[in-house]
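Visitor: Please work out how this folds:
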Amino acid sequence: MLDVNQVLATAVIPAYNEAHHIERVLAPLSRVPQLKQIIVVDDGSTDDTAVVVDAYRAKDERVRLLRLERNRGKGGAVMAGIQASTTDVVVLLDADLINLRAAHVSALMGPVQQHRCAMTLGIFRNGRQRTNVSHRYFYFLSGQRCLRWSAFRHTAALRDARWGIEMGLNLVARQQKLPVQQVPWEGVTHMMRLEKMSGPRKYWTYAEMWADIVKISVSYSLKLWAANGRSPKWVRQFARRPSS
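Guide: Residues are numbered from 1 along each chain as shown. You can find the predicted model right below:
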């Protein structure tokens with residue numbers, strides 16, 4: 001008989017000022033029975049993201065809000081959510097997805113739950129032209145993933161990742177020779193950074209993102225070289241279950 005933690009999964013959603021978008025993600029997740037937990041990590045938001053999530057908890061008791069006192073960046077929020085989860089299978093989702101359905105999430109989880117691969121990537125198809133192109137050429141940066149965390153124990157480099165969290169996961173998978181599978185998501189798209197921000201600052205965030213990607217790529221490569229091909233381990237400790 002399989003351990004329940006090998007069957008069920010935890011959804012981790014990093015969110016920064018996503019009060020107007022987060023419910024579009026929570027609604028379809030509430031229709032995915034394979035999810036044991038739905039953890040929204042409020043990464044120091046200044047809007048009503050926490051209020052919206054708290055209100056949604058009345059509809060689905062699996063929803064949990066984890067508030068960070070300061071903004072840690074996407075990588076820090078993701079790792080905080082993973083640390084708080086109690087399942088081995090973890091689903092990572094952006095908080096600004098559009099047209100997400102329960103079937104998309106189940107399709108993303110299936111190959112990992114069935115041990116056909118260690119990680120899946122959700123790839124947008126026929127959503128919007130901008131995001132279609134982005135996922136066609138930069139599919140490896142997709143933030144929509146399902147992974148078996150026990151296969152990603154060599155993750156010391158991920159703790160300090162911000163925008164580079166996806167690249168960090170890719171590097172771990174490649175170094176450990178873990179199988180990765182792409183899962184097409186028909187009709188799904190998301191709000192792009194240029195659409196959510198105003199002023200010249202929004203263009204600078206792209207430079208910051210690519211700087212983080214390069215930083216974690218170089219840092220991880222140096223760690224491998226220093227360890228003679230072996231990356232240092234950081235093992236997530238599962239949260240304690242309440243005693244009966």
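Visitor: all contacts plus neighbour counts: C-alpha atoms, from now on.
Guide: Noted.
Visitor: got the contact list for stretch 179-193?
Guide: 96-100, 104, 107-108, 111, 116-128, 131-132, 173, 202 (C-alpha atoms under 8 Å, 6 or more residues apart in numbering).
Visitor: contacting residues for the spatially most central residue of the chain?
Guide: For the chain, the residue sitting closest to the mean C-alpha position, by C-alpha atoms, centre = their mean, is residue 92 at 2.6 Å. Residue 92 sits next to 11, 12, 13, 78, 143, 144, 145, 146 when contact means C-alpha under 8 Å, 6+ apart.
Visitor: repeat that for 10 Å
Guide: By C-alpha atoms under 10 Å, 6 or more residues apart in numbering, residue 92 lies in contact with 10-14, 39, 78, 81-82, 105, 121-122, 142-147.
Visitor: Could you list which of those belong to helices?
Guide: 78, 81, 82, 105 (DSSP state H).
Visitor: Which other helices and strands does the lengthiest strand in the chain contact?
Guide: Scanning the chain for the strand with the most residues, using DSSP state E, yields strand 35-43. Strand 35-43 is packed against strand 9-15, helix 23-29, helix 49-56, strand 63-68, helix 73-84, strand 89-92, helix 102-113, with contacts defined by 3 or more C-alpha pairs under 10 Å, 6 or more residues apart in numbering; DSSP states H and E.
Visitor: Which elements pack onto the fifth one?
Guide: Helix 73-84 is packed against strand 9-15, strand 35-43, strand 63-68, strand 89-92, helix 165-175, with contacts defined by 3+ C-alpha pairs under 10 Å, 6+ apart.
Visitor: Tell me how far the first one lies from the chain's centre.
Guide: Using C-alpha atoms, centre = their mean, to the nearest Å, we find the averaged C-alpha position of strand 9-15 to lie 6 Å away from the chain's own average C-alpha position.
Visitor: how about the CA coordinates for it, as CSV?
Guide: Backbone C-alpha positions of strand 9-15 (Å, rounded to 0.1, in the frame of the first residue of the first chain) are rendered in CSV as follows:
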residue,chain,number,x,y,z
ALA,A,9,0.4,16.7,-3.4
THR,A,10,0.9,20.2,-2.1
ALA,A,11,0.3,23.2,-4.3
VAL,A,12,2.7,26.1,-3.5
ILE,A,13,1.8,29.6,-4.9
PRO,A,14,4.2,32.5,-4.4
ALA,A,15,2.3,35.7,-4.5
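Visitor: when you compare where that strand runs with where strand 35-43 runs, what's the angle?
Guide: Interaxial angle, strand 9-15 versus strand 35-43 (axes from the mean of the first three to the mean of the last three C-alpha atoms, to 10 degrees): 20 degrees.
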